[in-house]
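Chemist: Got a sequence here, can you model it:
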Amino acid sequence: MSGQRGTIIRLTICVFTVVLLTLALSITSIFADTQLFVHTGNVRLNLNDGKPIISDSETYFAPGVSVEKNFTVENLSTCPVWYKFYFGNVSDAQFAEAVLVEIRDGDTLLVSGKMSELTEKNSVACAENLEVGEKKKLTITFLFDEEGGNDSQGLLLNFDFCAKAVQTQNNPDKKFD
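Modeler: Here you go, the predicted model:
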């Protein structure tokens, strides 16, 4: 009888082991089906096909003079993006203080402020995002303040006109950090 009893115990242990393994496999399958996948995108903008928006040979500023230029921005990313414009490497802070800038998409104002204030840190994202492959033709206006005075005469204002983008997914607050 003890031989039969040992066989029954071994058989019970085997059945119990099979039940535990089946249960473990089922739980693993459930968790495998509920994994969280985070997708990241490749973020890239084309700003005016790499061409300058304005050059020093095209115009000069005098109090009250405004210059309007068209340019493009295109989303070459793999995902929709928030985007913003700013000025970098501004050569003369006093001159930049007297230049007002507006960027428009048709009649919609996207950006407005003094060039000196529209830095990478201070500029904000445009209200609408750019979809994958979307290309917009925008207009930028530079206005030299009438009160700019003579202090800026003979000065040359150099700057980099820049754009930056971040993906929209999981970024409702349009954070560029």
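
Chemist: Do I have it right that Val67 meets Thr141?
Modeler: Yes. With contact taken as Cβ atoms under 8 Å, Val67 and Thr141 are classed as touching, separated by 7.1 Å. Glycine gets a C-beta too; all of them are placed from N, C-alpha and C.

Chemist: Please enumerate the helices of this protein.
Modeler: Using DSSP state H, the helices of the chain run over 2-33, 93-97.

Chemist: which stretch in those is the model least sure about?
Modeler: Comparing mean pLDDT across the helices of the chain, the weakest is helix 2-33, with a mean of 56.

Chemist: Lys174 versus Gly88, what's the distance?
Modeler: Using Cβ to Cβ, to the nearest Å, Gly88 is found at 20 Å from Lys174.

Chemist: Which one's more surrounded, the two?
Modeler: When neighbours are counted by other Cβ atoms under 10 Å, Gly88 and Lys174 differ, and Lys174 comes out ahead with 16 against 11.

Chemist: How about the contacts made by the more buried one?
Modeler: With contact set as Cβ atoms under 8 Å, 6 or more residues apart in numbering, Lys174 has these partners: 82, 124-125, 166.

Chemist: Need the nearest residue in space to Asp145, chain neighbours excluded.
Modeler: The spatially closest residue to Asp145, leaving aside those adjacent along the chain, is Ala98, at 4.5 Å (Cβ to Cβ, 6 or more residues apart in numbering).

Chemist: ok, Asn46 - how many residues close by?
Modeler: Neighbours around Asn46, by other Cβ under 10 Å: 13.

Chemist: oh, I was asking about Asp56
Modeler: Applying the criterion other Cβ under 10 Å, we find 10 residues in the vicinity of Asp56.

Chemist: From Phe161, how far out is it?
Modeler: Between Asp56 and Phe161 the distance, using Cβ to Cβ, works out to 13 Å.

Chemist: what do you get for Lys84?
Modeler: Computed with Cβ to Cβ, the distance linking Lys84 and Phe161 is 12 Å.

Chemist: on that earlier part again, report pLDDT for the residue nearest to Asp145.
Modeler: Predicted confidence (pLDDT) for Ala98: 89.

Chemist: Can you report phi and psi for it?
Modeler: Ala98 adopts backbone torsions of phi -90, psi 0, taken as degrees, to the nearest 10.

Chemist: How much space separates it from Glu146?
Modeler: The gap separating Ala98 from Glu146 is 9 Å, by Cβ to Cβ.

Chemist: again, but for Lys51
Modeler: Shown here: Lys51 relative to Glu146, a distance of 30 Å by Cβ to Cβ.
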